[in-house]
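Chemist: Provide a 3D model corresponding to the input given below.
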Amino acid sequence: MESDLRGLLQVAPEQPSPSNIRNVLSTQALPQEAPLANNYMNDEDDLEMAGNNEYDEELEVSDADSDDFRVQADIAKLNADVAAFKASMAADSSDEDDDLIDPRLTMASGIPRKRKAKKPKAAGPAKRRVGGGTRSNIAELSADIKLQLSRASQAWVVDNRRDEALEIVLEIIRVNAETHEAWILLSSIYEEMGAMSDHIMAKCFAAHLRPRDFHGWISCALAALDDVTPGQRETNLGIAQLCYSAAIRANPKSLKARVGKANCALEAGNANVAAAEYAKVLKRKPYNMAILRNMAEAAFDARNAKKYVELARGFYEQAITYMRSGGEELQFEWSDVIIYIEMCAFLEKYAEAALALRSLARLLIGRSDESFWDKYQDDDREWDQEEDRRKEEPEYQPDKYPYGMYGPALPLDLRAKLSIYRLKLEQEEEATRHLQWLNPQDADVYNFFVDTPFVIKDLANQLFESRRVTTALDFYDLYRRLTGEPDPEILVQQGKCYLEMEDQATAEECFIAAIEIDDDNIEARYELAQMYETAQEQEEAFLLVNEALKLEQEQRLEDGEDDDDGGDHMAAKARKKRRVRQKVLRDKAKARPKRARRVYVRRMANKAQREKYEESVTNNFKEKYQRVLELREQVASGDKEAEAEWMAAAQDLVDDFRSFKEFYPWDKYLSFMGYGSFFRENRRKKEREQQEQEQEQQYQQEDREEDEGGQVDKEAMEAHPETSGLAAMAERLQQNLAPEDGDTTAQPSLRRSEHRGIPFDEWLDLFLEYAISLARHQKAKEAYLVCQSARDSIVYKSSDNTFLIHVAWAACAVYAADEETCVAVARFFMRNNSAATDSYRVFSALCRVCQSPVSWYASGPAQKYILRQIKAMDRTLLPPEIAESALGTWDHALPREEGQGPRHEALDVALLMLYGHILLTSTSYTYALNYFLRAAALDPENPMVNLSTGIAYVHYAMKRQAENRQFIIVQGMHYMFEYYDARVKSGHIVERLEAHYNVARCYHLLGIYHLAVEFYGRALGEAREYQKRNGGGVGEGYELLLKDFVYESAVNMRTYSLTNGDFESARALTETWLVL
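Modeler: Next comes the predicted model:
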């Protein structure tokens, strides 16, 4: 077989070097018949190592392997026919793939074939043989498991009882999860049930139990790829790639597994892995055009693109040389010509790309014998429209081939590429000759490039680089007509063309259109900022520069996430160190609210155009506001679709208001628009840069051997060439716009009462409704930013507006369960309404309704703030001499009246109780009692005051170091019964039940259970009487009673009865009160 296959191969000439393009493009006859497409792999391509498969030198296994002896012993016990069959299969699957490849072609691409150094074998047991064979050291299944497997198979296959079979298999796995047959059966059952995800997982578990079963891993990968469940493709690709990797470990010579892994990686976007695997396959199968094309695609997308493009180009040159030498027919097409010349152009070898294009096109057309055209390096006369220059060549025979095999035979996309390369080489005349074939207004040209518009885009970009602006605009227009969709990159390029033509208004329109289509476009902002800086529009230029800098920083952080496993070990180690700080910055950036979209005013247009644009924008926002009003009722009724539409329209309106600089001070405008504090950052710029330089020097010193890591960083810098220009422009604009420290410039004034035809009061209602809606959807940071932007606006500076804004802010904090913000907003009310009892009640209420721990309620800042309020109250009410001696000397730096602030007319019980509860929450019972007793002296009949005082005493008595514990308990119970007597006289059932329950809990806490049971019983008795009065029904508010007091009392009484062994009473309590 080996000799027959070798006889079919043609001996190739001496292999070319990749750097010598003429060797690759040597003149040989092209096969006349169209080549047939090769499959990726066939069964013979997989070197499945079952039986006596041969291995590479590094994979050879010693004959003394103990596992091999066991395998031989098992084989000897088999039937003779089975043994003969296995022997024949092993002979058929022996490794002959290397013999199919001419060894002289292994260096054709200029890539040496790497061979690992052969290590001396260590004494002792040799390596375990890997492959698809069954392991001999697998424990035999127990009789019980065999029986259960038989029952499961019988139930599933014969009796069609799928549920019973599934239950049996799951029980087998529970008993012994390493039962391979059970997992296989389970995957089959899941497949029949349509549970494809479970089917794939079961196959994966089965494959892990046979890690050297090559076919098991391949089957698992194919199952993952065959799954068409919506939304699972990305997950299945990852599973399939892992399975193919395991198959490669089981059989390192399997090309099928490597191609499968590469295909999965390529589809998943992991181009580095795909390119590496394709390269390994191509070393064994260098003439498979399908794999060659995939290799080229992966090479262009890889992070180390230059390295893999050079590798792919070498493989293409090897295939082209083999084809020219008269070897096996290959399916070499026009698309392969484009791929090859694009790789040459990617490596900036434009002259070689042009020469290869001409020669390969001549080969495919059928004029491969006219190699004399290759001596013309600087012109493409063989593809001219006229015969003049061709006739200057002595070897040219006009009658040998028809005219249609010369100029008209070259496809237009290749002609466009040839024009690009001539422009790159500054050969303007040749480029012009080719452009004569490419009329942007020609319908035939349009129809030809419908499927390949990217070629027109590349040609237009190159024309712009060559300063042929008018022609470039024509091809940009052609590209827009071909795609039918606006392309931000093309709009930016068109804007640059109009700038070259000094049409600033049209250029501005193009740049703004690019930003409106792609809000993350950096280049458009940079160009627009440059134009505004020249036109002395410094504020707008500064905003654009800040936006661009912020976007550039975010993109750099995102690029850090894309670092894959390519490169050497040292480079990966260095990147891992750099990633630590990048991850922290990325997390902060993701948690930060998004920048508000703003309307970009056309500043370079004339007055009439600006007014027309403003009118259209105003009408658009009026329509959106009308839609907001129409949807309010539907949103209130709970319509989710209407709510989503309402929020989208409200966001556009709010962002438009926030983007209007007239409504805000300059520093506030920069802050909440999301541009960041450029001024503060610039003050610390030198320190930060110095620290970064020191860290970078440390990394470079530790990892001097990493070449690839440095190359990647250099490529990342080249990917953002405008960064340095942005920073320099920001520095220039800062000198004119940055506020100095301590600058107290007066805020701008406003002389109108509406915006976009909508009154400011309605704008405020929209702001607050939108903020609360965001909070209800768990977008607290965005909600706070909306409230802050309303507060900072110069429009809403009145006390009523400020009060409404902070009420909405508090509501957002309650929805978000954000106690810190609740406390901050409550402090605003106390600060703006000092000496007002209601402000302290608002503080308590906000902290009560916020569903979060009381950490901020009892925090140090809140505690100190309330204490300062109490001291201010005491100082106001005490005589000056006593106040100074008791509370300290007043701050004489301030006038006395100004320092005292608003005066208290009397001691505020609510303030004293608030501070007492903060101390009580902090378990500072003795200090809390001081303020509770002051409040009790002011309002001795207040039930809340007596309850709090009694609880403080009881808890204080339970402390380990309490002195005279019994006396403290007596004091506490005195106040508890003062509270009890006041509550039981109430006409409301809720207050009476509350009194019974609280006293019972107090006795329960003290361990006096028989008294606690008495008061629990009173609570249940009150509830029973109330139920009887309402005719056995629940009555108004009775559900609340059951939840708050009756259930708790019944449960505590039942627990007491069970503890004492009174099971009958416990049963009666349960049946009476605790049956839902």
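
Chemist: Could you use CA atoms for every contact and neighbour count after this?
Modeler: Fine.

Chemist: In this structure residue 1023 contacts residue 1046, no?
Modeler: Yes - look at residue 1023 against residue 1046 with CA atoms under 8 Å: they come within range, at 7.2 Å.

Chemist: which one of the two has more residues nearby?
Modeler: Neighbour comparison, residue 1023 and residue 1046: the larger count goes to residue 1046, with 27 against 21 (by other CA atoms under 10 Å).

Chemist: okay, now the nearest residue to that one once chain neighbours are set aside: neighbour count?
Modeler: Closest residue to residue 1046 in three dimensions, ignoring its sequence neighbours and counting by CA to CA, 6 or more residues apart in numbering: residue 1020, at 6.2 Å. For residue 1020, the neighbour count with other CA under 10 Å is 22.

Chemist: Secondary structure element holding residue 1020?
Modeler: Residue 1020 belongs to helix 1009-1029 when assigned by DSSP states H and E.

Chemist: Next: residue 619.
Modeler: helix 607-636.

Chemist: and that helix, average pLDDT?
Modeler: Confidence over helix 607-636, taken as the mean pLDDT, stands at 85.

Chemist: And for stretch 417-436?
Modeler: When pLDDT is averaged along stretch 417-436, the result is 92.

Chemist: just stretch 928-944 next, same as before
Modeler: Here stretch 928-944 scores 94 as its mean pLDDT.

Chemist: residues in contact with residue 1074?
Modeler: The neighbours of residue 1074, taking CA atoms under 8 Å, 6 or more residues apart in numbering as the test, are 1047, 1050-1051.

Chemist: same thing but at 7 Å, please
Modeler: Residue 1074 makes contact with residue 1047, according to CA atoms under 7 Å, 6 or more residues apart in numbering.

Chemist: Same question for residue 200.
Modeler: Contact criterion CA under 7 Å, 6+ apart gives 187, 220, 223-224 as the residues in contact with residue 200.

Chemist: likewise residue 817?
Modeler: 850-852.

Chemist: quick one: which of the residues you listed is nearest residue 262?
Modeler: residue 852 (50.4 Å; CA to CA).

Chemist: Find the nearest non-adjacent residue to the closest one, please.
Modeler: With sequence-adjacent residues excluded and distances taken as CA to CA, 6+ apart, residue 852 is closest to residue 817, at 5.9 Å.

Chemist: Tell me the spacing between the one you found and residue 776.
Modeler: 11 Å (CA to CA, to the nearest Å).

Chemist: do residue 313 as well
Modeler: 57 Å.

Chemist: Pick the one among the contacts of residue 817 closest to residue 394.
Modeler: Distances from residue 394 to the contacts of residue 817, taken by CA to CA, are shortest for residue 852, at 92.9 Å.

Chemist: ok, the closest one - how many residues close by?
Modeler: 15.

Chemist: I'd assumed residue 821 was in contact with it.
Modeler: No - with the criterion set as CA atoms under 7 Å, residue 852 and residue 821 do not qualify as a contacting pair; they are 11.7 Å apart.

Chemist: and the helix or strand residue 207 falls within, how far out from the chain's middle?
Modeler: Element membership for residue 207, per DSSP H and E: helix 196-209. Going by CA atoms, centre = their mean, to the nearest Å, the spacing between the C-alpha centre of helix 196-209 and its chain's C-alpha centre is 28 Å.

Chemist: could you give the mean pLDDT of that helix?
Modeler: Helix 196-209 comes out with an average pLDDT of 92.

Chemist: go on, stretch 145-158?
Modeler: Taken as a whole, stretch 145-158 carries a mean pLDDT of 85.

Chemist: Show me how far it is from its chain's centre.
Modeler: In terms of CA atoms, centre = their mean, the centre of stretch 145-158 is set 46 Å apart from its chain centre.

Chemist: Tell me the first helix or strand C-terminal of the helix holding residue 207.
Modeler: The helix or strand immediately downstream of helix 196-209 is helix 214-226, counting by DSSP H and E.

Chemist: Give me the buried positions along the helix or strand harbouring residue 650.
Modeler: In this structure, residue 650 sits in helix 640-658 according to DSSP H and E. The neighbour-count check on helix 640-658 (16 or more other CA atoms under 10 Å) flags 642-643, 646-647, 649-658 as buried.

Chemist: of residue 313 and residue 776, who's got more company?
Modeler: In terms of neighbours (other CA under 10 Å), residue 313 is the more surrounded of residue 313 and residue 776; the figures are 24 against 17.

Chemist: I figured the more buried one hits residue 342, correct?
Modeler: No - Residue 313 sits out of contact with residue 342 when judged by CA under 7 Å, with a separation of 9.6 Å.

Chemist: The host helix or strand of residue 841 packs against which elements?
Modeler: Assigned by DSSP H and E, residue 841 falls within helix 837-849. Taking 3 or more CA pairs under 7 Å, 6 or more residues apart in numbering; DSSP states H and E as the contact definition, the neighbouring helices and strands of helix 837-849 are helix 819-832, helix 909-921.

Chemist: Contacts made by that helix with the rest, please.
Modeler: Contacts with helix 837-849, where a contact means CA under 7 Å, 6+ apart, come from 814, 819, 822-823, 826, 829-830, 833, 857, 908, 910-911.

Chemist: let's see 6 Å
Modeler: Defining contact as CA atoms under 6 Å, 6 or more residues apart in numbering, one finds that helix 837-849 is touched by 826, 829-830.

Chemist: quick check, nearest of the residues you listed to residue 1060?
Modeler: Each of those was checked against residue 1060 using CA to CA; the closest is residue 826, at 49.1 Å.

Chemist: So what's the model's average confidence on stretch 292-300?
Modeler: Averaged across stretch 292-300, the pLDDT comes to 93.

Chemist: ugh, wrong one, stretch 992-1002
Modeler: 94.

Chemist: again with stretch 1030-1048
Modeler: Summarised as a single mean, pLDDT over stretch 1030-1048 is 66.

Chemist: how long is that stretch end to end?
Modeler: The separation between the terminal residues of stretch 1030-1048, taken as CA to CA, is 22 Å.

Chemist: where are the low-confidence patches of the stretch 501-650 of the chain?
Modeler: Regions of the stretch 501-650 of the chain meeting the criterion pLDDT under 70 cover residues 558-607.

Chemist: at 50 instead, please
Modeler: Within the stretch 501-650 of the chain, the set of residues satisfying pLDDT under 50 comprises 561-593.

Chemist: How about the chain?
Modeler: Low-confidence segments of the chain (pLDDT under 50): 1-75, 77-136, 561-593, 675-683, 705-722, 740-746, 890-900, 1036.

Chemist: in this structure, which spans are strands?
Modeler: 754-755, 758-759 (DSSP state E).

Chemist: Columns distance to residue 441 on top of those strands, output as a markdown table?
Modeler: Conversion of those to a markdown table gives the following (distance: least, CA to CA, whole Å):
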| stretch | distance to residue 441 |
| --- | --- |
| strand 754-755 | 46 |
| strand 758-759 | 48 |
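
Chemist: I'd like these laid out as JSON lines, including mean neighbour count.
Modeler: Rendered in JSON lines, the data for the strands of the chain read as follows (neighbours: other CA atoms under 10 Å):
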{"stretch": "strand 754-755", "mean neighbour count": "14"}
{"stretch": "strand 758-759", "mean neighbour count": "13"}
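
Chemist: Quick check: closest non-adjacent residue to residue 533.
Modeler: residue 541 (5.8 Å).
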